[in-house]
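Chemist: need a 3D model of the sequence below.
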Amino acid sequence: MNLPNRLTMARIILIPVFMTFLLLKIPKGHELFAHQDLVAAIIFILAAATDGLDGYIARKRNQVTNLGKFMDPLADKLLVSAALISLVQLGEVTAWVAWIILAREFAVTGLRAIAAVDRVVISASPLGKIKTVTQIIAISAILLHDWPLSLIGIHIGQPFLYVALFFTVISGLDYLLKSRKLLHK
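Modeler: Predicted coordinates for the structure are as follows:
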């Protein structure tokens, strides 16, 4: 397995570790878990950072594989979905926002599956990439409780979540419009 695929697999393996630190409530006094929210945020940010890194390395080293093409978007969806569902459980994100984001991910995955039957590849669009970046920024800010900006009274997590929601909907519509020929067969 090449390095880009290892990074993608590491992203998937980090998801339950992230969720454990975020959701498992350990009684006070256990030093390892004293800052478990911060540890969860750092794990999420590191996992999210592997997304750009694995693609960059794969293209630079000419190591793009079918496994990578399949696993990379899946790893992204799993990471964002795990974070959003966890944040809904913690009361940090409203369920309807998470539902719209997750519904778009399922819809685009479905469109890609339909296209794959016809041997058509639907590549990530610039809007889809903006969507992913805004989602990662929003989730990271919420996990960090807007630190360090919260120290001066600036809160970006929730506003950025709505920016991410906007790009989620717009990019989903873009994929739908580009795929309408496939849907009319």
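
Chemist: can you pull out the strands in the protein?
Modeler: Ranges of strands in the chain, per DSSP state E: none exist.

Chemist: which residue packs closest to the spatially most central residue of it, ignoring adjacent ones?
Modeler: Centroid-nearest residue in the chain, with CA atoms, centre = their mean: V80, separated by 3.1 Å. Nearest in space to V80, with sequence neighbours left out and distances taken as CB to CB, 6 or more residues apart in numbering, is Q135 at 5.5 Å. In this view, the C-beta of every residue, glycine as well, is placed from N, C-alpha and C.

Chemist: OK, contacts around the one you found?
Modeler: Q135 makes contact with V80, I101, A164, T168 under the criterion CB atoms under 8 Å, 6 or more residues apart in numbering.

Chemist: ok, it to G110 distance?
Modeler: Using CB to CB, to the nearest Å, we find Q135 at a distance of 19 Å from G110.

Chemist: A49 too?
Modeler: 28 Å.

Chemist: so where is this structure shaky, pLDDT-wise?
Modeler: 26-34, 150-151, 183, 185 (pLDDT under 70).

Chemist: if you set the cut-off to 80 instead, what comes out?
Modeler: Scanning the chain for pLDDT under 80 picks out the ranges 25-35, 66-67, 69-70, 116-124, 148-154, 180-185.

Chemist: domain ranges for it?
Modeler: 1-78, 92-185 (automatic domain parsing).

Chemist: return the distance of the last one from the chain's centre.
Modeler: In terms of CA atoms, centre = their mean, to the nearest Å, the centre of domain 92-185 is set 8 Å apart from its chain centre.

Chemist: same check on the shortest one?
Modeler: Put simply, domain 1-78 sits 10 Å off its chain's centre (CA atoms, centre = their mean).

Chemist: end-to-end on it?
Modeler: Start and end residues of domain 1-78 are separated by 21 Å (CA to CA, to the nearest Å).

Chemist: I'm done for today, thanks for sticking with me.
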